[in-house]
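Q: Output the structure for:
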Amino acid sequence: MDIAIYPLTSPLHDHTAVDAATKQFLESLQLTHSEIIENDFASFGSHSLDMIYVRTGGTEGIFKELLPQLARLTRRPFYLLTSGKSNSLAASLEILSYLRNNGLRGEILHGTPESVRRRITLLAQAGEARKKLEGCRLGVIGKPSDWLIASGANRIIIKQQLGIEFVDISMDELISTIKCAQASNIPQEWTEKAHSENIKQSLKGSYDIYISLKEIIERYHLTGFTIRCFDLLSAVQNTGCLALAKLNAEGYVAGCEGDIPALLSMTIAHALLGVSGFQANPALLNPESGEMLFAHCTIPLNMVGRYELDTHFESGIGIGVRGFMQEGPITIFKVAGDLSRHYAEEGMLTRSQSKPDLCRTQQILQLRDREKINYFLTSPIGNHHIILPSHCKALLDEILC
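A: I've put the predicted structure just below:
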């Protein structure tokens, strides 16, 4: 996380006094990993957070002259840091008004040292996540599942705004790779969890899928992928659930059913938290209490305290994963495929269950604001949503602002 501070100072002010005030102000913020860059804006926009430090009044014209250069270097809002001394806040108000008049976004960072430091830290964390997204290559293996009728994506907008590109890969290529796989070293942990004959017989096939997906990742230099996984049921009589759970735990982003908006949401989450999140659908919800049940047949293995192996729910073949996350804070997240909107709401994982008539990983969640459950009944972004193991709404909102 690197923070760059670009000072603006009017030549009318006494530089000795301004320098002394600057030192006192920046020390009060206690920023780590920050750098002051004077009179050189060539690197503006390349850091986790770039701030224009409006040190004095009389800097409005200086900023106006710089703006065409700065606007070419960043897509982000302009953050105006000010102490309030030497008419700096008044100048910041004028600058921000000018930005808005010209259709540009900005924000003044001003207040107590503690509140400004918190805001700067959050902005820098979001900026660091955006830097990680730049250049990501996401595979789409097979077309999205036929039932995902509202889960398209505008790849041009995603590339322009987040720097992410998509690579189309045929299911035939994956299936051919699986049929040629020669898995031998099945993880001992999987073998120990195979408590039924059906599971034992499916282990090699699941591992074949895992090593084949890893080969596809390396072949196309992917950060992650989503797969039309139900095609595997007929093609190789197995499922990708366990392979996806393991790959997610290894740092790749691995999504189900060819759902591109879900994959995009998981990729954003991974850049922010280092975990992909649990792709699941709401199975039941209670509008009065704000309680919801989410379920799916896979979950990243690095998100669970323990897990069990069962069959895939819908088909009864292959392997599904029943994972048990630690109870505690969660965030439910989903971004639209054209980045036009997103949903991020915090709550608590209150318990897990393992009923036989649902997908294998089943979580009971309680929303912090129960009114936010109405989104699912009035304006949902598809069926799949991503469950993240922390409260991170503010960061997600900032990344997508």
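Q: Count the neighbours of residue 33 for me.
A: As a burial measure, residue 33 scores 11 neighbours (other Cβ atoms under 10 Å). C-beta here means a position set from N, CA and C on the backbone, and glycine is covered the same way.
Q: Can you read off the pLDDT for it?
A: Looking at residue 33, its pLDDT reads 84.
Q: That one: what's it in contact with?
A: 1-3 (Cβ atoms under 8 Å, 6 or more residues apart in numbering).
Q: Hmm, residue 340 and residue 261 touching each other?
A: No. Residue 261 lies out of contact with residue 340 (Cβ atoms under 8 Å); the separation is 11.0 Å.
Q: what about these two, which has more around it?
A: Neighbours were counted for residue 261 and for residue 340 using other Cβ under 10 Å; residue 261 has more, 28 against 10.
Q: what's the helix or strand for that one?
A: helix 260-273 (DSSP states H and E).
Q: Can you list the strands that the very next helix or strand once past that helix pairs with?
A: Toward the C-terminus, helix 260-273 is succeeded by strand 278-286 as the next helix or strand (DSSP H and E). Each strand paired with strand 278-286, and its direction, by DSSP bridges: strand 291-296 (antiparallel), strand 385-388 (antiparallel).
Q: Distance from the first one to the middle of the chain?
A: Put simply, strand 291-296 sits 20 Å off its chain's centre (Cα atoms, centre = their mean, to the nearest Å).
Q: which residues sit against it?
A: 256, 278-286, 350, 353, 358-367, 373, 376, 385, 387.
Q: can you pull the alpha-carbon coordinates of it into CSV?
A: Below are the C-alpha coordinates for strand 291-296, written out as CSV (Å, rounded to 0.1, in the frame of the first residue of the first chain):
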residue,chain,number,x,y,z
GLU,A,291,-32.6,-14.1,8.2
MET,A,292,-31.5,-16.0,5.1
LEU,A,293,-30.3,-19.4,4.1
PHE,A,294,-27.6,-19.7,1.4
ALA,A,295,-26.5,-23.0,-0.1
HIS,A,296,-24.2,-24.4,-2.8
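Q: next structured bit after it?
A: strand 306-310.
Q: Next, the angle strand 278-286 makes with the helix or strand just after that following strand.
A: Downstream of strand 306-310, the first helix or strand assigned by DSSP H and E is strand 320-324. Orientation check (axes from the mean of the first three to the mean of the last three Cα atoms, to 10 degrees): strand 320-324 against strand 278-286 gives 70 degrees.
Q: Could you say which of the strands paired with strand 278-286 is packed most deeply?
A: strand 385-388 (a mean of 25; mean count of other Cβ atoms under 10 Å).
Q: avg pLDDT for that strand?
A: 98.
Q: Show me how far that strand is from its chain's centre.
A: The answer for strand 385-388 is 10 Å, by Cα atoms, centre = their mean.
Q: Now do that strand: everything it contacts.
A: 262, 265-266, 269, 273, 275-282, 294, 325, 330-334, 343, 349, 363, 365.
Q: Report the next helix or strand after that strand in sequence order.
A: Following strand 385-388 toward the C-terminus (DSSP H and E): helix 393-399.
Q: can you pull the buried residues of that next one?
A: 393-396, 398-399 (16 or more other Cβ atoms under 10 Å).
Q: now these as TSV including distance to residue 167 and pLDDT?
A: Conversion of the buried residues of helix 393-399 to TSV gives the following (distance: Cβ to Cβ, whole Å; pLDDT from 0 to 100):
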residue	distance to residue 167	pLDDT
393	31	97
394	32	96
395	27	96
396	25	97
398	28	95
399	23	94
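Q: And those, which is closest to residue 110?
A: Ranked by distance to residue 110 (Cβ to Cβ), the buried residues of helix 393-399 are led by residue 398 at 17.7 Å.
Q: Return the member of the buried residues of helix 393-399 nearest to residue 173.
A: residue 399 (32.6 Å).
Q: so who does that closest one touch?
A: 126, 129-130, 268, 272.
Q: Ranking by neighbours, what's the top pick from the residues you listed?
A: Most surrounded of the contacts of residue 399: other Cβ under 10 Å gives residue 268, at 28 neighbours.
Q: wait, that one sits on residue 335?
A: Yes. Judged on Cβ under 8 Å, residue 268 makes contact with residue 335 at a distance of 6.5 Å.
Q: what touches both of these two?
A: Contacts common to residue 268 and residue 335, judged by Cβ under 8 Å, 6+ apart, are residue 400.
Q: what's the angle from the helix holding residue 261 to strand 278-286?
A: 110 degrees.
Q: With only the CA atoms kept, save helix 260-273 in CSV.
A: What follows is helix 260-273, C-alpha atoms only, in CSV (Å, rounded to 0.1, in the frame of the first residue of the first chain):
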residue,chain,number,x,y,z
ILE,A,260,-19.4,-14.2,-15.1
PRO,A,261,-20.9,-11.5,-12.7
ALA,A,262,-20.3,-14.0,-9.9
LEU,A,263,-16.7,-14.6,-11.1
LEU,A,264,-16.2,-10.8,-11.3
SER,A,265,-17.5,-10.4,-7.8
MET,A,266,-15.2,-13.1,-6.5
THR,A,267,-12.2,-11.6,-8.2
ILE,A,268,-12.9,-8.2,-6.6
ALA,A,269,-13.3,-9.9,-3.2
HIS,A,270,-10.0,-11.8,-3.7
ALA,A,271,-8.1,-8.6,-4.5
LEU,A,272,-9.5,-7.0,-1.4
LEU,A,273,-9.4,-9.9,1.2
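Q: okay, the closest residue in space to residue 257 that isn't next to it in sequence: pLDDT?
A: Of all residues not flanking residue 257 in the chain, residue 145 sits nearest, at 4.3 Å (Cβ to Cβ, 6 or more residues apart in numbering). Note for residue 145: predicted pLDDT of 93.
Q: Ramachandran coordinates for residue 168?
A: With angles defined as degrees, to the nearest 10, residue 168 sits at phi -80, psi 130.
Q: show me what contacts it?
A: Counting by Cβ under 8 Å, 6+ apart, residue 168 has contacts 139-140.
Q: Am I right that residue 132 is in contact with residue 271?
A: Yes. Taking contacts as Cβ under 8 Å, residue 132 lies within contact range of residue 271: 4.0 Å.
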